[in-house]
Structure formats: structure tokens, C-alpha cells
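K.L.:
Could you work out the structure for the sequence below:
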Amino acid sequence: MELDDSRLTRGDNTTVDTSEFSEHRIERGAHVIYARHYAGTPPAFVLMHGFPDNLRIYDSIAPLLASAGRRVVAFDFLGYGGSDKPVDYRYTSAGLEDDLQAVVVALGVGPVVPVAHDASGPTAINWALAHPQQVGALALLNTYYDAAPTLRFPEFISLFADPGYTDLAAARRRPGPARLAPRLPSSPVPARCTASAAGARTGTGAHHPGPVRRDAQRPPGVYGPHA
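P.N.:
Residues are numbered from 1 along each chain as shown. Predicted coordinates:
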């Protein structure tokens, strides 16, 4: 992919030097994953975002790692950022692991150091357990694993994650007088965590798959992909 300018302006008016990395469109089935690759020595740091983020959360960190001579890869999971956002796609935890595997294979990186933040933690752990020969180390940042019965969603995420509040969430997206966010009771995260959370209605993320159930899928028609 060729860019006319060597600097990319972000939404917060900061800029990213695009000459520092190469951009890749990686095919995964019928869809495409967007990735950035900084050349360097292995093992490669593979930077994974959480919910409701994308690879831009690493715009300050990736160049520092690369300037130290390390190989770095950052990518957007399907449904996020510059990757495809298919409407009819089955968003699952297993799908996130497949996204990671597709990036590792396509860019020929390995062994790698998966660096997982937030909701990508279970993805990194499960992938590392399934591909031990491809893992040099594992870095986990502010994340969780397993059913975590005491883990609670923030109230506003609960609003957008619960199919029962779909109409209310849609109403909050419509233009009109400012509305107060309802106060919802906090509830434990179930083992079968299917929350797409705030993304489908806020336009900031795509899905927040469950920590263990690799086949967990969000309810159809409730959570859609977005920019």
C-alpha cells in the first residue's frame, strides 16, 4: 500500500511517521486484516489491542521498540480499525486466535512475543498454549483469563452489551437533547461471555469475546461491526 504522505495524522492531531513501517493487507478467508510491520531482529513483538481500541494504541510504543532494533508487528482484529468489518461474520474467541495466526504466518514472523492488552489477553494465552513452538515469550497488560466470576463490566459497557437494552442503546445514538446514562446494576461476567460491549453502538470497537469459550458468539442482529 502506497501513501502520498510519510506522516499520518491521527484523530488526536498527533502524527505517525509511516516511513517507519510497511503496511500489509493480510487475507483471512474472504476478509482482510490490516497490519503494520517494523523491521528488526527477532523475536518479533506482536502487539494486540483490546476493546474498544485498535492498533493505534501502540503508535508511541512500536517506534520505540523498533528503534531499539526489535522487530514489531501491530494489527487490527477483524471488525476493528483498518481491517474488514464483515456483517455476516461469526465473531468468536477462536476467530481472534485465527486472526493472530494469519498475521504470524503471512508476515513470516516466529517465534514471537505476543503482547496482549485488555480483551486480547485470552486470545494471546490460548494461542500461546496451542502454538508453544512459535512463542518466545508472552506479555500480558491489564487483562484477565478464565471465567473470572468476580469480574464485572463497567455499567456503561453493560448497557451496550446486553441485548435487553438494544432499544435504549439505539435511542442514545439518535440526535436530540442530552440524556442521562441509566444506572445499571453491576453483574458478574458469565463464563460464556458474548459481549460485543460498547463497540456496536459507539463505533469504537467490534467485539469482546468470552475468556474461555472459543465458540462463543454474540447474539445476531445486536452487535454489528463498525469503523
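
K.L.:
When you work out contacts or count neighbours from here on, use the C-alpha atoms and nothing else.
P.N.:
Fine.

K.L.:
So which residues of the protein form strands?
P.N.:
Applying DSSP state E to the chain gives strands spanning 7-9, 15-17, 22-28, 31-38, 41-48, 70-75, 112-117, 139-141.

K.L.:
Identify, out of these, the most deeply packed stretch.
P.N.:
Most buried of those, by mean neighbour count (mean count of other Cα atoms under 10 Å): strand 70-75, with a mean of 25.

K.L.:
For the helix ranked longest in the chain, output the C-alpha coordinates as PDB.
P.N.:
Among the segments of the chain that qualify as a helix by DSSP state H, the longest is helix 93-107. Extracted C-alpha coordinates of helix 93-107, given in PDB (Å, rounded to 0.1, in the frame of the first residue of the first chain):
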ATOM      1  CA  SER A  93     -12.700 -16.000  20.600                       C
ATOM      2  CA  ALA A  94     -11.400 -18.700  18.200                       C
ATOM      3  CA  GLY A  95     -11.700 -16.100  15.400                       C
ATOM      4  CA  LEU A  96      -9.400 -13.700  17.200                       C
ATOM      5  CA  GLU A  97      -6.900 -16.500  17.600                       C
ATOM      6  CA  ASP A  98      -7.200 -17.200  13.900                       C
ATOM      7  CA  ASP A  99      -6.600 -13.500  13.100                       C
ATOM      8  CA  LEU A 100      -3.300 -13.700  15.100                       C
ATOM      9  CA  GLN A 101      -2.200 -16.900  13.400                       C
ATOM     10  CA  ALA A 102      -3.000 -15.400  10.000                       C
ATOM     11  CA  VAL A 103      -0.800 -12.400  10.700                       C
ATOM     12  CA  VAL A 104       2.100 -14.500  12.100                       C
ATOM     13  CA  VAL A 105       2.100 -16.800   9.100                       C
ATOM     14  CA  ALA A 106       1.600 -14.100   6.400                       C
ATOM     15  CA  LEU A 107       4.500 -12.000   7.700                       C
END
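
K.L.:
so what does it touch, helix or strand wise?
P.N.:
Using 3 or more Cα pairs under 8 Å, 6 or more residues apart in numbering; DSSP states H and E, the elements in contact with helix 93-107 are strand 22-28, strand 31-38, helix 121-130.

K.L.:
So for residue 138, which of these sits nearest?
P.N.:
Residue 138 sits nearest to helix 121-130 of all the helices and strands packed on helix 93-107, at 7.8 Å, using Cα to Cα.

K.L.:
Sketch out the low-pLDDT regions of the protein for me.
P.N.:
1-16, 153, 157, 160-161, 169, 172-227 (pLDDT under 70).

K.L.:
again, only this time at 90
P.N.:
1-20, 51-52, 87-93, 110, 144-227 (pLDDT under 90).

K.L.:
picking up where we left off before, now the helices and strands packed on helix 93-107 in JSON lines, with distance to residue 55?
P.N.:
Formatted as JSON lines, those follow (distance: least, Cα to Cα, whole Å):
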{"stretch": "strand 22-28", "distance to residue 55": "12"}
{"stretch": "strand 31-38", "distance to residue 55": "8"}
{"stretch": "helix 121-130", "distance to residue 55": "15"}
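
K.L.:
All set now, cheers.
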